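In: Following is a predicted model, sequence given first.
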Amino acid sequence: MTDREPFLRYPDAMDTSCLRCERVVLEPLPSPDSLEFFRCPQCHFEYSRQKGKGLTDRWLSPISLALYNVIFEVHPGDVAEQSARAFLARRDTHNLPRMLKDIQDELARPRQNVRDILPNMVADEAKLRDYLRRFADALEQALREV
Ligand SMILES: [Zn+2]
């Protein structure tokens, strides 16, 4: 695990622009002391920021849900297909095409340190991105077969 994460897009912790819209300043939301929450007035995506870290998606974002399955995994890529299948089994409660698109967008154009989305993720940033790639591939294939 490295101190310096390679995908940090916003090293300046004061930057509160939307990670998905061009130059849209986020609106602050009521937050606990330890975290700050924001919402984009344009795309309505919500974000959070821990003290001293960059902006990330807030819990319940599509990527956060995909990561939740592998918080304790040392090798999350190994269980990516299994994790995708778990979402496919609950497809009535999730918008899987939207989830797939959001993950693919993140992989194509990194917006944030995905490792910072949830506290205490075991795997490092590169392994979590590898997991998201495999997860998205499995999801895409399954959605095509439907
Ligand atoms: Zn936005």
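Out: Received, thanks.
In: for the residue most central in space within the chain, helix, strand, or coil?
Out: The chain has residue 63 as the residue nearest its centroid, 3.3 Å off, counting by C-alpha atoms, centre = their mean. Following DSSP: H, G, I helix; E, B strand; the rest coil, the label given to residue 63 is helix.
In: bridging residues for the closest residue to it other than its chain neighbours?
Out: Leaving aside its sequence neighbours, residue 63 sits nearest to residue 57 (C-beta to C-beta, 6 or more residues apart in numbering; 5.5 Å). (Glycine included, C-beta is placed from N, CA and C.) Note on residue 57: beta-bridge partners by DSSP bridges are residue 47.
In: Hmm, residue 57 is touching residue 66, no?
Out: No: the pair residue 57 / residue 66 is not scored as a contact, 10.6 Å apart, by C-beta atoms under 8 Å.
In: So between these two, which is more surrounded?
Out: When residue 57 and residue 66 are compared for neighbours, residue 66 comes out ahead with 28 against 25, by other C-beta atoms under 10 Å.
In: Return the set of buried residues in the helix or strand harbouring the more buried one.
Out: Per DSSP states H and E: residue 66 is located in helix 62-68. Buried residues in helix 62-68, counted by 16 or more other C-beta atoms under 10 Å: 62, 63, 64, 65, 66, 67.
In: now stretch 24-35
Out: Within stretch 24-35, the residues that count as buried by 16+ other C-beta under 10 Å are residue 26.
In: Between the two ends of that stretch, how far is it?
Out: When the termini of stretch 24-35 are compared using C-alpha to C-alpha, to the nearest Å, they are 21 Å apart.
In: And stretch 42-56, by the same measure?
Out: End-to-end span of stretch 42-56 (C-alpha to C-alpha): 17 Å.
In: one step back: now do the residue nearest to residue 63 against the ion, distance only.
Out: For residue 57, the distance to the ion equals 11 Å [C-beta to the ion, to the nearest Å].
In: Done for today, thanks.
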